[in-house]
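In: coordinates only, sequence not included:
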Ligand SMILES: O=C(O)c1ccccc1NCC(=O)[C@H](O)[C@H](O)COP(=O)(O)O
């Protein structure tokens, strides 16, 4: 089992328990009553802005690096990202390997006006309704974990709930699938999930497959302003940056550098 399959399996187990305590029908009713986001689809709007957009990630730990932030002042970090010029915030809620929690997202949501991505390993519609209730404006759909039928129906569900979906691909085949299935935002992950090595060439190589009408996000391994300058010169719309911002003592300066 590779790391994504392990994460998918532990997520499925986690949701079996959750559905017992709070049935899907109830969650669905609550999510559908939730006030529509204003303006609509703020995550996509933030990534479409002129210049390179920066999605700043809040993650305590990761499978490749272990603990990244032991004290983890997530509310302070969210505020720093917002004041420092971030365009959106990605919040890890996956508990087993990223040590995330749902409450990180629900506590950050009322504090900042930036759109929030719920970063979790989506394997069931329950998580999408839940993301809406936690205050997210977008969710992650990973091509490697989902069938075509799942991606299509989850994209429709997101649309109905006013959520954006970041559809993640790792290679040419997954990128082509994401386009064919109607993704409006495609994130190419530069991290090889077998070796955990990152290579920004992955995004650069796949950029030309994606028409300009679809937002292209380069994810993982972005560390310097030289990295973002190269990515921008290849027409990449947005970057998703986690570890390097989490470890920085000058997050605003780093975001400014990324935006050039
Ligand atoms: O970060 C990991 O180790 C990881 C391992 C397995 C699956 C996903 C993983 N990360 C999720 C992400 O997409 C990153 O957190 C995100 O792109 C930011 O990456 P980075 O800037 O390298 O922290």
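Out: Arrived safely, thanks for sending. Note that the structure is predicted; figures quoted are calculated from it, not measured. Residues are numbered from 1 along each chain as shown.
In: chain center to whichever strand or helix holds residue 26: distance?
Out: For residue 26, the enclosing helix or strand under DSSP states H and E is helix 24-33. Chain-centre distance of helix 24-33: 23 Å, with Cα atoms, centre = their mean, to the nearest Å.
In: Return the distance of the next helix or strand after that helix from the chain's centre.
Out: Scanning forward in sequence from helix 24-33 by DSSP H and E, the next helix or strand is helix 42-47. Remark: helix 42-47 is offset 12 Å from the chain centroid, using Cα atoms, centre = their mean.
In: which outside residues touch helix 42-47?
Out: Contact with helix 42-47 is made by 39, 53, 55, 87-88, 114-117, 137-138, 163-164, 166, 184-185, 215, 217, 237-238, as judged by Cβ atoms under 8 Å, 6 or more residues apart in numbering. Glycine gets a C-beta too; all of them are placed from N, C-alpha and C.
In: now those residues: which count as buried?
Out: When those are checked for burial by 16 or more other Cβ atoms under 10 Å, the buried set is 53, 55, 87-88, 114-117, 137-138, 163-164, 166, 184-185, 215, 217, 237-238.
In: coming back round to it: would you mind pulling up the elements that the helix holding residue 26 packs against?
Out: Secondary-structure packing of helix 24-33 (3 or more Cβ pairs under 8 Å, 6 or more residues apart in numbering; DSSP states H and E): helix 125-134.
In: on contacts alone, who are the packing partners of the helix it packs on?
Out: Partner elements for helix 125-134 (3+ Cβ pairs under 8 Å, 6+ apart): helix 3-21, helix 24-33, helix 102-108, strand 116-119, strand 138-142, helix 148-161.
In: Average pLDDT for the longest one, rounded please.
Out: Spelled out, that is helix 3-21. Averaged over helix 3-21, pLDDT sits at 93.
In: contact partners of it?
Out: Contacts for helix 3-21 (Cβ under 8 Å, 6+ apart): 1, 63, 94-97, 120-124, 126-127, 130, 142, 144-145, 193.
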